[in-house]
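K.L.:
Using only what follows, build the 3D model:
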Amino acid sequence: MSIRLAAVSRVRWKVRRAGPRTTGGWSGSCNSQCWRIRSAALPASAGRIAWHAGHPHERKGTPLTSPSAHRLVETQLPTRYGTFRLAGYRSSDGQDQLALALGQVDRGGPVLARLHSECMTGDVFGSCRCDCGEQLASAMLRIQEQGRGVLLYLRQEGRGIGLINKLRAYALQDQGLDTVEANRALGLPEDVRDYGYAAAILRDLGVHQVRLLTNNPAKIAGLEEHGIEVVERLPLPVRPNPDNLQYLRTKEERMGHLLSLGQVTGDLRG
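P.N.:
Now for the predicted structure:
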């Protein structure tokens, strides 16, 4: 079994292990194109509004071991993709997290969602070494097209190792190591991200079921482990370029990401 298929199988096993859900069960198969779970729309609560203010651990069914996140501020954020509601949170690890919401996300069934880990080099400077900036733009565009959705901007730079360590890993990649080997050479794990904070923020927004924009099965498992049901996985493809092709291959072959790069070769600049 390939590394990618093994990763997907592990995630399916984790979700199945939790036992039958009142909102549905498995339907179809999991592959690199789409992951679906049969679901039923959540009933709208009479007293619930788009931005629910209750503490996450006061919600019925919330795992008591989940990390917490407290909303500190709300504002409007006009963007090229529409005007979002922007909420700032402080998570229990002391980090500041952001949630951008469009439309009524606390009602109407599963919500289109993206968990985006901070990437200063990609998101701010347009680095071609990764696919982060393009994924961020693509996710916001798809939420705009849907007219309803949530994007969480999570302070987990460098898959959780921090900005300076990420740059140190880049320096090792300049010498020929891949992204996994570079982290290990620094004595760091390849991925230390925690999606419990994301789950806490989603619950605070009144979101319990999501259609997740992701290529990473670990995000599905992370949300499910903290009580958020992923009813569908929607791929977030990005065209490779000469500077990130090897990085993307490493994510696909060594980290289980569902990228379907296949036999991408040749001149990618065209």
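K.L.:
Quick one: the helices in the protein, in order.
P.N.:
3-17, 132-146, 163-174, 179-185, 196-204, 217-225, 245-254 (DSSP state H).
K.L.:
Which of those helices sits closest to residue 81?
P.N.:
Distance to residue 81, taken as Cβ to Cβ, is lowest for helix 132-146 among the helices of the chain, at 4.2 Å. C-beta here means a position set from N, CA and C on the backbone, and glycine is covered the same way.
K.L.:
And the contacts of the closest one?
P.N.:
79, 81-82, 100, 102-103, 112, 114, 116-117, 119, 121-123, 126-127, 149-151, 213, 234, 236, 238 (Cβ atoms under 8 Å, 6 or more residues apart in numbering).
K.L.:
cutoff 7 Å now
P.N.:
With contact meaning Cβ atoms under 7 Å, 6 or more residues apart in numbering, helix 132-146 is reached by 79, 81-82, 102, 112, 114, 116, 119, 122-123, 126-127, 149, 151, 213, 236, 238.
K.L.:
what about it, average pLDDT?
P.N.:
Computed over helix 132-146, the mean pLDDT rounds to 96.
K.L.:
pLDDT weak spots in the stretch 1-150 of the chain?
P.N.:
1-66 (pLDDT under 70).
K.L.:
Kindly recompute the last result at 90.
P.N.:
Along the stretch 1-150 of the chain, segments meeting pLDDT under 90 span 1-68, 91-95, 107-108.
K.L.:
Residue ranges in the stretch 151-270 of the chain under the pLDDT threshold?
P.N.:
For the stretch 151-270 of the chain, the ranges with pLDDT under 90 are 158, 160, 190, 192, 237-239, 254-256, 259-270.
K.L.:
Among the contacts of helix 132-146, name the buried ones.
P.N.:
Neighbour-count burial (16 or more other Cβ atoms under 10 Å) applied to these gives 81-82, 102, 112, 114, 116, 119, 122-123, 127, 149, 151, 213, 236, 238.
K.L.:
Just the closest of the residues you listed to residue 91, please.
P.N.:
residue 116 (15.1 Å).
K.L.:
In this structure the closest one contacts residue 153, no?
P.N.:
Yes - if you go by Cβ atoms under 7 Å, residue 116 and residue 153 touch, sitting 5.5 Å apart.
K.L.:
Just give me the neighbour total for residue 83.
P.N.:
Neighbourhood size, residue 83 [other Cβ atoms under 10 Å]: 10.
K.L.:
same question, residue 237
P.N.:
14.
K.L.:
From residue 79, how far out is it?
P.N.:
22 Å (Cβ to Cβ, to the nearest Å).
K.L.:
Could you identify which of the helices of the chain is most buried?
P.N.:
Sort the helices of the chain by mean neighbour count, taking mean count of other Cβ atoms under 10 Å, and helix 196-204 sits at the top with a mean of 26.
K.L.:
Okay, angle between it and helix 217-225 too, please.
P.N.:
50 degrees (axes from the mean of the first three to the mean of the last three Cα atoms, to 10 degrees).
K.L.:
Return the list of helices and strands in contact with helix 196-204.
P.N.:
In terms of contacts (3 or more Cβ pairs under 7 Å, 6 or more residues apart in numbering; DSSP states H and E), helix 196-204 is packed against strand 69-79, strand 96-102, strand 149-154.
K.L.:
Nearest to residue 203, out of those strands?
P.N.:
strand 69-79 (9.1 Å).
K.L.:
Show me what that closest one is packed up against.
P.N.:
Packed next to strand 69-79, using 3+ Cβ pairs under 7 Å, 6+ apart, are strand 82-91, helix 196-204.
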